[in-house]
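Participant: 3D, please:
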Amino acid sequence: MSSCSSGNGKNANKEKLVNIPVLELKSRDIEVPKTYVCDIQAVQFVEVRAKVEGFVDRIYVDEGQFVKKGQTLFQLTSNEFNEMVNSANAKMMQARAEAKSASLEVERLQVLVDKNIISSSELELAKSKRAVAESIILEAESILKNAKTGLSYTTIKAPFDGIVDRIPYKTGSLVTAGDLLTNITDISEVFAYYKVTENEYLQYMREKMEEDSVGLKEEFEDDITLILSDGMEYPLKGKLETMEADFERGTGSIAFRVRFPNPDQLLKHGASGKVQMTNMLEDIYLIPQKSTFEIQDYNYVYMIGKDNKVVVRSFRPMQRFGVYYISDGFQEGDRIIFEGIQQVSDGMEIEPSPVTELEAYDTLSTSN
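Facilitator: Take a look at the predicted model:
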């Protein structure tokens, strides 16, 4: 009777074990997209400012118009500068005439000295006057050059091919030196600047050095995606070109620069968006978020031992990937409770129900 009673007790305990879905972890290699907020800037952006004071006489372009390098944009009143050029020209002509007269005087005295009619001192005095006249020519040339430069500043031309921005001053407006007349932007291509942390920078540099050591080029450098502010993907891919020299104080981040072609001029200077890059992670484990719980900023899962007993274990996620945590702190063959974590506790024995990879991963969203 005692033996029968003991056997029935064991069967009763076995029947009381809770059947819980259990997932066996396997390492895998995955491509993880990651996005960074970026600032979009034109490859060339120049403020066109007045260099001299004057009234806006004519405006040859309109806002939003495409202009070519050297094309005239604005004309300021130039009467004053024209007079300065005319005055400088007159002084130049006078200086040359005086220099020519001084040269003729030297030649005349040279003949008289050669015939011993006059002393050589008079000739030396004439040569000194000629040197003074020649120096006056140089001074006049400098004044004329400055006058012409000032006159040229009254005609404002495009520094390169680009698009005209807003024109705040209209015809007849008085502008002073330094006033902003407009901006010219070249958006045939654009730069997207985004910031990464120091750890991400170190990871990128190590991968780059590893690729360079075997003579390979990182594929993602020429395959960077831009997500526009409306959530749509920009159709053309970008190329990672360079980075800043220093880390930003306070944030500890450093900016990378990506160049995107912009043949249709869809992207504008000052726009915003997100740069999306794809990183390859090797030998990592995907932990479903519904298999985890969090206590005071620490993440935990329920591990299943060989005796089918539950053991609480903490882990540190590398990052989130859709409805998963990515971690490298597990081993091949580790078993965790897939779902139903509310029904178990530490040290509890369960009846494991294996979950396939198809059930655990392929039926769940992996969108980032």
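Participant: now Arg58: how far from Phe74?
Facilitator: To Phe74, Arg58 is 7 Å away according to CB to CB, to the nearest Å. C-beta here means a position set from N, CA and C on the backbone, and glycine is covered the same way.
Participant: compare those two and say which is more crowded by neighbours.
Facilitator: Phe74 (23 against 12; other CB atoms under 10 Å).
Participant: can I get the helix or strand hosting Tyr325 in CSV, CA atoms only?
Facilitator: Take DSSP states H and E as the rule and Tyr325 turns out to sit in strand 324-327. Below are the C-alpha coordinates for strand 324-327, written out as CSV (Å, rounded to 0.1, in the frame of the first residue of the first chain):
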residue,chain,number,x,y,z
TYR,A,324,14.0,41.7,-30.6
TYR,A,325,17.0,42.5,-28.5
ILE,A,326,20.4,41.8,-30.0
SER,A,327,22.9,40.3,-27.6
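Participant: distance between it and the chain's centre?
Facilitator: Centroid separation between strand 324-327 and its chain, computed with CA atoms, centre = their mean, to the nearest Å, is 30 Å.
Participant: just stretch 251-265 next, same as before
Facilitator: That offset, for stretch 251-265, works out to 3 Å (CA atoms, centre = their mean).
Participant: ok, residues contacting that stretch?
Facilitator: Residues from elsewhere that reach stretch 251-265 (CB atoms under 8 Å, 6 or more residues apart in numbering): 38, 43, 163, 187-198, 201, 224, 226, 234, 236-244, 246-248, 267, 275.
Participant: buried only: go through these for me.
Facilitator: For the contacts of stretch 251-265, a neighbour count by 16 or more other CB atoms under 10 Å gives the buried set as 38, 43, 163, 187, 190-196, 201, 224, 226, 234, 238, 240, 243, 267, 275.
Participant: what segments of the protein are helices?
Facilitator: 2-16, 79-114, 120-152, 198-213, 357 (DSSP state H).
Participant: rank those helices by pLDDT, which is bottom?
Facilitator: When the helices of the chain are compared by mean pLDDT, helix 2-16 comes last with a mean of 51.
Participant: before we move on, back to that, which residues are in contact with each of Arg58 and Phe74?
Facilitator: What both Arg58 and Phe74 touch, as defined by CB under 8 Å, 6+ apart, is an empty set.
Participant: partners of Val32 in the sheet?
Facilitator: Asn279 (DSSP bridges).
Participant: contacting residues around Ala88?
Facilitator: 140, 143-144, 146-148.
Participant: what do you get for Thr197?
Facilitator: Contacts of Thr197 (CB under 8 Å, 6+ apart): 252-253.
Participant: may I have the beta-bridge partners of it?
Facilitator: The partner residues for Thr197, given DSSP bridges, come to Ser253.
Participant: that one and Phe256, how far apart?
Facilitator: 12 Å.
Participant: ok, Gly347 - how many residues close by?
Facilitator: 9.
Participant: need phi/psi at it.
Facilitator: phi 90, psi 0 (degrees, to the nearest 10).
Participant: verify the contact between it and Val310 for me.
Facilitator: Yes. The criterion here is CB atoms under 8 Å, and Gly347 meets it with Val310 at 6.4 Å.
Participant: coming back round to it: include distance to Lys34 when you put the helices of the chain into TSV, please.
Facilitator: Shown next, in TSV, are the helices of the chain (distance: least, CB to CB, whole Å):
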stretch	distance to Lys34
helix 2-16	47
helix 79-114	57
helix 120-152	51
helix 198-213	9
helix 357	24
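Participant: which residues sit in contact with Leu151?
Facilitator: Counted by CB under 8 Å, 6+ apart, Leu151 has contacts 78, 81-82, 84-85.
Participant: skip the chain neighbours and tell me the closest residue to it.
Facilitator: Phe81 (4.0 Å; CB to CB, 6 or more residues apart in numbering).
Participant: how close does the one you found get to Gln94?
Facilitator: 20 Å.
Participant: so which residues make contact with stretch 269-283?
Facilitator: 27-42, 45, 185, 187, 190, 192, 194, 220, 223-229, 234, 238, 258, 318, 326, 328.
Participant: narrow those residues to those in strands?
Facilitator: 28-42, 45, 185, 187, 190, 192, 194, 225-228, 258, 326 (DSSP state E).
Participant: ok, the residue lying closest to Leu76 once chain neighbours are set aside - how many residues close by?
Facilitator: Excluding the flanking residues, the one nearest Leu76 by CB to CB, 6+ apart is Gly54, at 3.7 Å. Look at Gly54: counted by other CB under 10 Å, it has 22 neighbours.
Participant: pretty sure Gly54 sits against Gln75.
Facilitator: No. Using CB under 8 Å, Gly54 makes no contact with Gln75, being 9.4 Å away.
Participant: who touches both of the two?
Facilitator: In contact with both Gly54 and Gln75: Thr154, using CB under 8 Å, 6+ apart.
Participant: domains for this protein, by residue range?
Facilitator: Annotated domains of the chain cover 19-27+283-362, 33-43+187-280, 51-76+157-178, 78-153 [automatic domain parsing].
Participant: mean pLDDT for those domains: which is lowest?
Facilitator: Looking at those, the weakest mean confidence is domain 33-43+187-280, a mean of 84.
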